[in-house]
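[1] everything below, folded, please.
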Amino acid sequence: EFMHKYKINSLQETEHVIEKQRMIKDEEEISNIQRACYITDKCFEHLQDFIKVGQTEKEIAFEIEKFFKMNGAEGNSFDPIVASGKNSSKPHAVPTDKKIDVGEPITIDIGCVYNGYCSDMTRTIFVGYVPEQIKSIYDLVLKNQMQVEEELKEGVNIKNITRMVESDFKLYGYELVHALGHGVGLEVHEPPIISSKNDNILKEKMIITNEPGIYIPGKFGVRIEDTLLIKKDNCLRLTNFDKDYVVIKG
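    Next up is the predicted model:
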């Protein structure tokens, strides 16, 4: 019985070590994730022309899944989030039968799998025009998202980088209600978790997301997310679809 217990414990220990090793990606892993990110960019480009007023969130989610499968991906890395209008105020919204309307933000959070490796990306886009009340919040989220990207490199402390965003949001009376990001690899959510609870440092060849968001309950939300490769002196953004106001004619 003692041996049995010992085996179970040592097995768990090993799994934990493997998980840690997985945080640093090799060249092949990086190129698979780059490809998944490229397909995700293309999907956003496609959606710009595809989305029309009167479509439902579910119809758009279905189109995303179809696009991935028809463009070289094995499928989604998670169920697509398509959240329009008030639904965008929920960080983990699920697509509904709600129809897209003019003057609404749509938060679209998607990712695909290529050769077993994942991508993860969010854009908040607009239909017809950008409502004035959303502009200041979009600008604040984007400013922080870009600042984080400028700071990311080997040796950066995860807790400090998250605190930077938290304190800037707080200045304007907002809160960062979820983690700033997470590792991406064979799974769409892997260590390291990018949050103010994690006092570890980033290392070269980690692949993480950068996804600040602000949510006004019952009104709207804005999240902007990229997948990034940590390098020695900076980082490389792997998801490159436009981050300025994207307004679809609808």
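[2] in this structure, what spans have low per-residue confidence?
    By pLDDT under 70, the weakly predicted segments of the chain are 1-19.
[3] mind listing the helices for it?
    Listed in chain order, the helices of the chain (DSSP state H) span 2-22, 27-50, 57-70, 132-151, 158-171.
[4] how much does the fourth one deviate in direction from helix 158-171?
    Spelled out, it's helix 132-151. Orientation note: helix 132-151 sits at an angle of 160 degrees relative to helix 158-171 (axes from the mean of the first three to the mean of the last three C-alpha atoms, to 10 degrees).
[5] what comes up buried for helix 132-151?
    Within helix 132-151, the residues scored as buried using 16 or more other C-beta atoms under 10 Å are 134, 137-138, 140-142, 144-145, 147-149. Heads up, the C-betas are built off the backbone N, CA and C, glycines and all.
[6] next, format the residues you listed as a markdown table and append distance to Ile193.
    Formatted as a markdown table, the buried residues of helix 132-151 follow (distance: C-beta to C-beta, whole Å):
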| residue | distance to Ile193 |
| --- | --- |
| Ile134 | 28 |
| Ile137 | 25 |
| Tyr138 | 25 |
| Leu140 | 23 |
| Val141 | 20 |
| Leu142 | 23 |
| Asn144 | 18 |
| Gln145 | 18 |
| Gln147 | 20 |
| Val148 | 15 |
| Glu149 | 18 |
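[7] quick revisit: for Gly103, find the nearest of the helices of the chain.
    helix 132-151 (9.5 Å; C-beta to C-beta).
[8] from the contact counts, what lies against that closest one?
    strand 121-127, helix 158-171, strand 207-210, strand 213-216, strand 220-223, strand 226-230 (3 or more C-beta pairs under 8 Å, 6 or more residues apart in numbering; DSSP states H and E).
[9] to Ala61, which of these lies closest?
    Closest to Ala61 of the helices and strands packed on helix 132-151 is strand 121-127 (C-beta to C-beta; 13.8 Å).
[10] buried ones in that closest one?
    Under the neighbour-count criterion of 16+ other C-beta under 10 Å, strand 121-127 has 121-127 buried.
[11] likewise for stretch 211-227?
    For stretch 211-227, burial by neighbour count (16+ other C-beta under 10 Å) applies to 211-215, 220-227.
[12] next, the contact list for the closest residue to Cys37 other than its chain neighbours, please.
    Nearest residue to Cys37 in three dimensions, chain neighbours excluded: Leu238, at 3.9 Å (C-beta to C-beta, 6 or more residues apart in numbering). When contacts are counted by C-beta atoms under 8 Å, 6 or more residues apart in numbering, Leu238 touches 33-34, 37, 119, 207, 226-229.
[13] one more time with 10 Å
    Each residue near Leu238 by C-beta atoms under 10 Å, 6 or more residues apart in numbering is listed here: 30, 33-38, 40-41, 119-121, 184, 207, 209, 226-229.
[14] measure it to Ser196 for me?
    Counting by C-beta to C-beta, to the nearest Å, the gap from Leu238 to Ser196 is 24 Å.
[15] for Asp244, find the nearest of the helices of the chain.
    Comparing the helices of the chain by C-beta to C-beta, helix 132-151 comes nearest, at 7.9 Å.
[16] what's the distance between the closest one and the middle of its chain?
    Relative to the chain's own centre, helix 132-151 is displaced by 15 Å; criterion: C-alpha atoms, centre = their mean, to the nearest Å.
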